[in-house]
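In: no sequence on this one, just coordinates:
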Ligand code: AMP
Ligand code: GLY
């Protein structure tokens, strides 16, 4: 079977790795903007091209007799790549543009959630004018401000983090109005977690819950990043959650997939990603994404026991209900090595040398290969993953591995440590007690 992977980051390396472990001996092809050495090694052939160049990707897929195309990042979904591949007769694991909107249009997503009575929707309004927006910010008192679209640069800002008070929130929201509509919503207080599911149009197969770490520096300080690392607990329920929290999150996602079909007439196929805040009132939806998380894909994909080509086929054919999608009962800790100065002033074009990483898994992200050597770009470089019976042991494997990468790199030592996990548990205990 010929399988095309679209994307060239750490998430896509983990996808390629899962496909490569299939007993069906698939031939892997890839489209990536830069040569990711990990993906390249697993491939029959690859095309160095922007993933959003729809025409070039479709032509490449057709000429290589691709049977299933697997989407990695969000940009090609917004560019309509799935729709065009399907029109060319190729099965795709990834949602069509109209349903992928749930990720790339935050105003549409919130309005859809409200209209469809999706649980866990925070108080929000969407604005195009300043006066009513200021009034709503004052009414809520504690807010998160989001530009409605996928914006390069200016992103979500939250009071207490990037916005010091109501006035700062008003100013930031007003500055966004110039280019876009603005979503103002209540600031959700709790702990964040990610729940991902495989979806075949109707049926969902859920993955273990994962916690990502957005902040660049230890103790959750510094600017937001794409994610510095993540962990999951053996058995799938994070240490600060209870089974019922996860069950509620699953129901929210299931209801959302059904409602997306009712509203758009298009079944959601691919990976559905729920980012939740567990609050004193249960799980609330921060956002939905139409793809695997990066780094979260690197926690769950190494644990998958079901043949991944069978999973992809079941998504494409609408037969997930007939497949038992199993994950091994292990904990993982993923840590990203990023260029020094990332995300604000990253160094670039520095060589990365991988030393002895022991039992850890390694996934290349935003790096490129030249003359057999690997170099950084300005984005996250290399991720290592420890897999073990406990988070504590998985952390040791990951930390040891990351210390054996050399280059002008930075990483967070605290991710997955007993100390940090205890703080998450204490934080939730405190919130639930009130
Ligand atoms: P981004 O990845 O740039 O979209 O940033 C999203 C981050 O903003 C999330 O990881 C949350 O930490 C935070 N966030 C978004 N919406 C809310 C909200 N309603 N309440 C609290 N935090 C939020
Ligand atoms: N790790 C967060 C994301 O992929 O959106």
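Out: Structure received. Keep in mind the model is a prediction, meaning the values are calculated, not measured. Ligands and ions are numbered 1, 2, ... in the order given.
In: drop to CA atoms for contacts and neighbour counts, all remaining ones
Out: Noted.
In: who's in contact with stretch 77-92?
Out: 52, 54, 58, 62, 66-71, 76, 94-97, 100-101, 104, 269-270, 316 (C-alpha atoms under 8 Å, 6 or more residues apart in numbering).
In: And for the nearest residue to residue 54 once chain neighbours are set aside, the neighbour number?
Out: What sits nearest to residue 54 in space, not counting adjacent residues and going by C-alpha to C-alpha, 6 or more residues apart in numbering, is residue 81, at 5.3 Å. Counted with other C-alpha atoms under 10 Å, the neighbours of residue 81 add up to 26.
In: now do residue 91
Out: The burial count for residue 91: 21, using other C-alpha under 10 Å.
In: is it in a bridge, and if so with what?
Out: Taking DSSP bridges as the rule, residue 91 bridges to residue 68.
In: Same check on residue 143?
Out: For residue 143, the beta-bridge partners are residue 186 (DSSP bridges).
In: residues contacting it?
Out: By C-alpha under 8 Å, 6+ apart, the neighbours of residue 143 are 137, 158, 159, 169, 184, 185, 186, 187.
In: most neighbours, which of the residues you listed?
Out: Neighbour max across the contacts of residue 143 (other C-alpha under 10 Å) = residue 184, 29 neighbours.
In: Please verify my assumption that that residue contacts residue 145.
Out: Yes. Between residue 184 and residue 145 there is a contact at 4.9 Å, judged by C-alpha atoms under 8 Å.
In: Of the contacts of stretch 77-92, which belong to helices?
Out: Among those, DSSP state H puts 54, 58, 62, 76, 97, 100, 101, 104, 316 in helices.
In: What is the burial count for the first one?
Out: Right, the one you point to is residue 54. Around residue 54 there are 19 residues (other C-alpha under 10 Å).
In: going forward can the numbers begin at 49, since that is how I track them
Out: All right, first residue 49 from here; so that's residue 102.
In: what's the spacing between it and residue 92?
Out: Going from residue 102 to residue 92 by C-alpha to C-alpha, to the nearest Å gives 21 Å.
In: swap in the second one?
Out: Residue 106 sits 17 Å away from residue 92, going by C-alpha to C-alpha.
In: and those two? which has more neighbours close in?
Out: residue 106 (21 against 13).
In: Could I get the average pLDDT for the longest helix seen in the chain?
Out: In the chain, assigned by DSSP H, the helix with the most residues is helix 291-312. The average pLDDT for helix 291-312 rounds to 98.
In: Can you name every helix or strand that that helix contacts?
Out: helix 145-152, strand 239-249, strand 316-327, strand 330-337 (3 or more C-alpha pairs under 8 Å, 6 or more residues apart in numbering; DSSP states H and E).
In: among these, which is nearest ligand 2?
Out: The closest of these to ligand 2 is strand 330-337. By C-alpha to the nearest ligand atom, the value is 6.9 Å.
In: neighbouring contacts of that closest one?
Out: Contact with strand 330-337 is made by 148, 150-152, 154, 167-170, 236, 293, 296-297, 320-326, as judged by C-alpha under 8 Å, 6+ apart.
In: That one: partners in the sheet, and parallel or antiparallel?
Out: Strand pairing for strand 330-337, using DSSP bridges, gives strand 316-327 (antiparallel).
In: what does the average pLDDT come to for stretch 339-357?
Out: 98.
In: Around ligand 2, pick out the residues from the stretch 149-298 of the chain.
Out: With C-alpha under 6 Å from any ligand atom as the criterion, the stretch 149-298 of the chain comes near ligand 2 at residues 260, 274, 275.
In: Please apply the same query to the stretch 299-448 of the chain.
Out: Contact residues (C-alpha under 6 Å from any ligand atom) of the stretch 299-448 of the chain with ligand 2: 341, 342, 343.
In: Name the residue of the stretch 249-398 of the chain that lies nearest to ligand 2.
Out: Counting by C-alpha to the nearest ligand atom, the stretch 249-398 of the chain gets nearest ligand 2 through residue 341, at 3.3 Å.
In: How much space separates that residue from residue 274?
Out: Here the criterion is C-alpha to C-alpha. By it, residue 341 lies 9 Å from residue 274.
In: Other residues contacting stretch 214-223?
Out: 178, 181-182, 185-186, 189-191, 193-194, 207, 211, 230.
In: Now do that stretch: distance to the chain's middle.
Out: Going by C-alpha atoms, centre = their mean, to the nearest Å, the spacing between the C-alpha centre of stretch 214-223 and its chain's C-alpha centre is 28 Å.
In: one step back: I'd like the contacts of residue 191 as CSV, with pLDDT and distance to residue 420 appended.
Out: Shown next, in CSV, are the contacts of residue 191 (pLDDT from 0 to 100; distance: C-alpha to C-alpha, whole Å):
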residue, pLDDT, distance to residue 420
185, 98, 54
206, 95, 43
207, 95, 46
217, 97, 48
232, 97, 48
233, 97, 48
234, 97, 50
235, 97, 47
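In: tell me which of those residues is nearest to residue 85?
Out: For the contacts of residue 191, the minimum distance to residue 85 (C-alpha to C-alpha) is 37.0 Å, reached by residue 206.
In: What helix or strand is the closest one located in?
Out: Using DSSP states H and E, residue 206 falls within strand 205-206.
In: and the next element down the chain from that strand?
Out: As assigned by DSSP H and E, the chain's next helix or strand after strand 205-206 is helix 214-225.
In: hmm, that next one touching ligand 1?
Out: No. Helix 214-225 lies apart from ligand 1 when judged by C-alpha under 6 Å from any ligand atom; the minimum separation is 13.0 Å.
In: SS state for the most centrally placed residue in the chain?
Out: In the chain, the centroid-proximal residue (C-alpha atoms, centre = their mean) is residue 341; its distance is 1.4 Å. Here residue 341 is coil, with the state taken from DSSP: H, G, I helix; E, B strand; the rest coil.
In: before we move on, what about residue 83?
Out: Following three-state DSSP, we place residue 83 in the coil state.
In: Quick check: pLDDT value at the residue lying farthest from the centre of the chain.
Out: Distance from the C-alpha centroid of the chain peaks at residue 179, with 34.7 Å (C-alpha atoms, centre = their mean). Residue 179 is assigned 97 on the pLDDT scale.
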